[in-house]
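Participant: Structure, please.
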Amino acid sequence: MTPSTWLHEQFDKTGSSIGFRITRKLDEVQSPFQKIEIYESTDWGNLMLIDGAMMLTSRDNFFYHEMMAHPALFTHPNPKHVVIIGGGDCGTLREVLRHPGVEKAVQCDIDEQVTRMAEKYFPELCESNSDPRAELLWDDGIAYMANCAPGSVDIVIVDSTDPVGPAEGLFNKAFFASCHRALKDDGILVQQSESPLALLELIKEMRAEMGKAGFASFQTLPFPQPCYPTGWWSCTMAKKAAHADFGFREADARAKPFATRYYSADVHRGAQALPPFVAEALQG
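Facilitator: Predicted coordinates for the structure are as follows:
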């Protein structure tokens, strides 16, 4: 293989890199916010990069999208109104709308071009974009949450990129306070929370910011994500009440009326058992 057939992404924070064998570059657009690139690979389907960072591949995106959506929706007693901040590739929206009890799902991403690229190169992720329960907005997610009516939302899913650039403001007390205000008393905040192996300090800092905003109970769920740094990723759920129960509707998860490739009731239960080094760090 010649070097030109491989696309490598370096992760300075983790001191590692990952490479994908590619056949050609399919598209590139510079939006007002970021550069979006699409590549065709030999084994991973299409790849989307934003500002040089891997966002998703056709082959493995289901890990992330299913775990960002289903644990929270099966933990909440009756989720009807869901807001997704970010999530422009629409995969998390698709998973949320698999739940027949959801009456409204708002997706607010700052960059419309991410969605347009997904529609063209990842159409399977956009299957629910025309669902009458879906509302797609291209706007500032921070401002959107700040303007949400108090106590109007059941679940907020923050499907963001890493905490740099346009997503930097989605990991701090001010944004989490807006989410806290918008959520009902039994509402759940879900945030993608990076690698529990290499970026554990970031998870601790994020949970601390959530705590400053009024959230009192947290649960971090790890899952595999081969195209992200270390191949091991996580989402973190937060609730308002202290010592809140993160038990989920296991019978409903087992009887779910839709197919999934990774998420299941057993996977959900297993993800709740954190490895000792992660559990100890997050309790400290």
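Participant: mind listing what residue 70 touches?
Facilitator: 95, 253, 256, 260, 263, 268 (C-beta atoms under 8 Å, 6 or more residues apart in numbering). Any C-beta I mention is one placed from the backbone N, CA and C, and that applies to glycine too.
Participant: Quickly name whichever of the residues you listed is closest to residue 36.
Facilitator: Taking C-beta to C-beta as the measure, residue 36 lies nearest residue 95 of the contacts of residue 70, at 21.8 Å.
Participant: Let me know the helix or strand that the closest residue to the closest one other than its chain neighbours is in.
Facilitator: Closest residue to residue 95 apart from its sequence neighbours, by C-beta to C-beta, 6 or more residues apart in numbering: residue 69 at 3.7 Å. Assigned by DSSP states H and E, residue 69 belongs to helix 61-75.
Participant: picking up where we left off before, if I look at the residue nearest to residue 95, how far off is residue 145?
Facilitator: 18 Å (C-beta to C-beta, to the nearest Å).
Participant: likewise residue 237?
Facilitator: Taking C-beta to C-beta as the measure, residue 237 falls 17 Å from residue 145.
Participant: how far is the helix holding residue 69 from where the chain is centred?
Facilitator: Between the centre of helix 61-75 and the centre of its chain there are 8 Å (C-alpha atoms, centre = their mean, to the nearest Å).
Participant: What are the buried residues along it?
Facilitator: Neighbour-count burial for helix 61-75, counted by 16 or more other C-beta atoms under 10 Å, picks out 61-75.
Participant: cool, stretch 241-261 as well?
Facilitator: Buried residues in stretch 241-261, counted by 16+ other C-beta under 10 Å: 244, 248, 249, 253, 256, 260.
Participant: Which parts of this structure are helices?
Facilitator: With DSSP state H as the criterion, the chain has helices at 61-75, 91-96, 112-121, 141-146, 173-182, 200-212, 250-254, 265-271, 276-283.
Participant: rounded to a whole number, what's the mean pLDDT of the first one?
Facilitator: This predicted structure assigns helix 61-75 an average pLDDT of 98.
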